[in-house]
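1. Provided below are the primary sequence and the corresponding predicted coordinates.
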Amino acid sequence: MSELQELIQKLCPDGVEYKKLGDKQVSIMQRGTSLTKNNSTEGAYPVISGGRVPAFYCDKFNREGETITVAGSGAGAGYVQYWNESIFVCDAFSIKGCENVSTKYLYYCLTNVQDKIYATKKGGGVPHVHISSIENFLIPIPHPAIQEEIVKILDRFADYAAELQAELQAELQARKEQYEYYRNKLLMFDKIGGGDTQSVTWLKMSEIGTFIRGKRFVRTDIVSNGVPCIHYGDMYTYYGLYATQSKGRLRSELASKMRYAQKNDVVIVAAGENKEDIGVGLAWLGDEPAAVHDACFIFRSDLYPQYVSHYLRSNYYHKQIVKYVSEGKICSISAKGLGNAIIPIPAHEEQVRIATLLNNFDALVGDLTKGIPAEMVAVQEQYEYYRNKLLSFPRIQISA
């Protein structure tokens, strides 16, 4: 039997009393004090308002020690946080446990009903959560020793989840850096003093292939049925190094006006919000031609297409083209600018070998990128399950 079970068996074998959160024997609930950035002085104390992060920092505080805050308004209204430092509560309200009620225990009780707190939001344009919204919530109040043990257990679980997330993120970052290192090394040959330089020539991309600008279409032209199409925005958010299927399809009546990427062409994005992202490419391996947006170029050559798409993500390539990018509200590059980039051209078999190695690295990073959120969701669900179990007690009624 665990220590918690022993305490429950000893101190409350028949259940515990449930009391209203706003009961004077349970908590002290206080509204915040109005404060704006303009009428305050910058300092070290977080100002808690309507969001999930401090609105700003000021030089004074109105709460100290352990404090629970509940965001008062806006999209984050109702969000519950725990603090163990001096803070200034503004467009929010605070909760502190009374003598025999642990503030941290109350915090866990409230996060256990976070969705119910969100459901109390009132107001049209700007939703609000007030003290009156949640003060009648019933909270199980076991013996202080039981509260303390529950807090210890949930703290350990929270620490474990945070450590796991940090480890997974560190592993992902290490794999990304490893992938980028080998990609740059494999694609530089004698430029960095390594690799087999035999049969490697260096030519401008304009000397080895041709650039064809796509034709304009808009998002509303994309439908469920039609011809495959590649929109420039999806080059940043959807596609990877290669694709056999397009995300969307273009209205058939526009088909005759378009320009198409054929199988083994490389689509290169030529416009974007910042110059660092421009120039990445997608090897089109689909059997059907794909209509290409006019913010992209179709690069057609005899090179192995996946070798090219990997090269278009290398540091050496981006250092070359960045000087040809026109900056403005939308950054862009011309076919001439892209064509000036020099590309190493080994034998076809070597292009395939390099692309295959880098594809394997990319797949590993992709698996980690997908797996980390899934694993974190599983840990969070497990945590919420046990938190709910720990905070569920048989209820006893206390006669008045």
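-> On my side now, so go ahead.

2. drop to CA atoms for contacts and neighbour counts, all remaining ones
-> Noted.

3. Can you pull the domain assignment for this protein?
-> The record's domain parsing of the chain by automatic domain parsing lists 1-16+142-200+346-400, 17-141, 203-340.

4. rank these by mean pLDDT and give me the bottom one.
-> Ranked by mean pLDDT, the domains of the chain bottom out at domain 1-16+142-200+346-400, with a mean of 81.

5. hang on, the earlier thing: with mean neighbour count as added columns, please give the domains of the chain in JSON lines.
-> Output for these, formatted as JSON lines (neighbours: other Cα atoms under 10 Å):
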{"stretch": "domain 1-16+142-200+346-400", "mean neighbour count": "15"}
{"stretch": "domain 17-141", "mean neighbour count": "18"}
{"stretch": "domain 203-340", "mean neighbour count": "19"}
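
6. for this protein, what spans make up the helices?
-> All helices of the chain, identified by DSSP state H, fall at 3-11, 103-111, 114-118, 131-134, 144-186, 205-208, 234-237, 305-311, 315-321, 335-339, 348-390.

7. how far away is the residue nearest to residue 390 when sequence neighbours are not counted from residue 104?
-> What sits nearest to residue 390 in space, not counting adjacent residues and going by Cα to Cα, 6 or more residues apart in numbering, is residue 150, at 6.8 Å. Look at residue 150 and residue 104: by Cα to Cα, to the nearest Å, they are 10 Å apart.

8. go on, residue 328?
-> Where residue 104 is concerned, residue 328 sits at a distance of 51 Å (Cα to Cα).

9. ditto for residue 343
-> 60 Å.

10. And residue 139, by the same measure?
-> 13 Å.

11. Am I right that residue 338 is in contact with residue 321?
-> Yes - the criterion here is Cα atoms under 8 Å, and residue 338 meets it with residue 321 at 6.2 Å.

12. any residues in contact with both of these two?
-> residue 279 (Cα atoms under 8 Å, 6 or more residues apart in numbering).

13. from memory residue 311 sits against residue 187, does it?
-> Yes - judged on Cα under 8 Å, residue 311 makes contact with residue 187 at a distance of 6.6 Å.

14. circling back: out of the helices of the chain, the one nearest residue 21 is which?
-> Closest to residue 21 of the helices of the chain, according to Cα to Cα: helix 131-134, at 7.4 Å.

15. For that closest one, name the packing helices and strands.
-> strand 27-31 (3 or more Cα pairs under 8 Å, 6 or more residues apart in numbering; DSSP states H and E).

16. tell me the centre residue of the chain?
-> In the chain, the residue lying closest to the centroid (Cα atoms, centre = their mean) is residue 373, at 9.0 Å.

17. for that residue, what are its contacts?
-> With Cα under 8 Å, 6+ apart, residue 373 has no contacts at all.

18. quick one: it and residue 366, what's the gap?
-> Counting by Cα to Cα, the gap from residue 373 to residue 366 is 12 Å.

19. Repeat that for residue 156.
-> From residue 156 to residue 366 the distance is 30 Å (Cα to Cα).

20. Now the helices of the chain in TSV, please, with extra columns for distance to residue 50.
-> What follows is those, written out as TSV (distance: least, Cα to Cα, whole Å):
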stretch	distance to residue 50
helix 3-11	36
helix 103-111	17
helix 114-118	13
helix 131-134	14
helix 144-186	24
helix 205-208	53
helix 234-237	30
helix 305-311	44
helix 315-321	42
helix 335-339	47
helix 348-390	24
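
21. Out of these, the one nearest residue 298 is which?
-> Nearest of those (Cα to Cα): helix 335-339, 9.7 Å.

22. list the helices and strands that closest one packs on?
-> helix 205-208, strand 209-213.

23. which residues touch the first one?
-> Under the contact criterion Cα under 8 Å, 6+ apart, helix 205-208 has outside partners 301-302, 336, 338-343.

24. Repeat the analysis, applying 7 Å as the threshold.
-> 301, 339-343 (Cα atoms under 7 Å, 6 or more residues apart in numbering).

25. now, which of the residues you listed sits nearest residue 211?
-> residue 339 (7.8 Å).

26. In contact with the closest one, which residues?
-> Applying Cα under 7 Å, 6+ apart, the residues contacting residue 339 are 204-206.

27. ok, 6 Å please
-> Residue 339 sits next to 205-206 when contact means Cα atoms under 6 Å, 6 or more residues apart in numbering.
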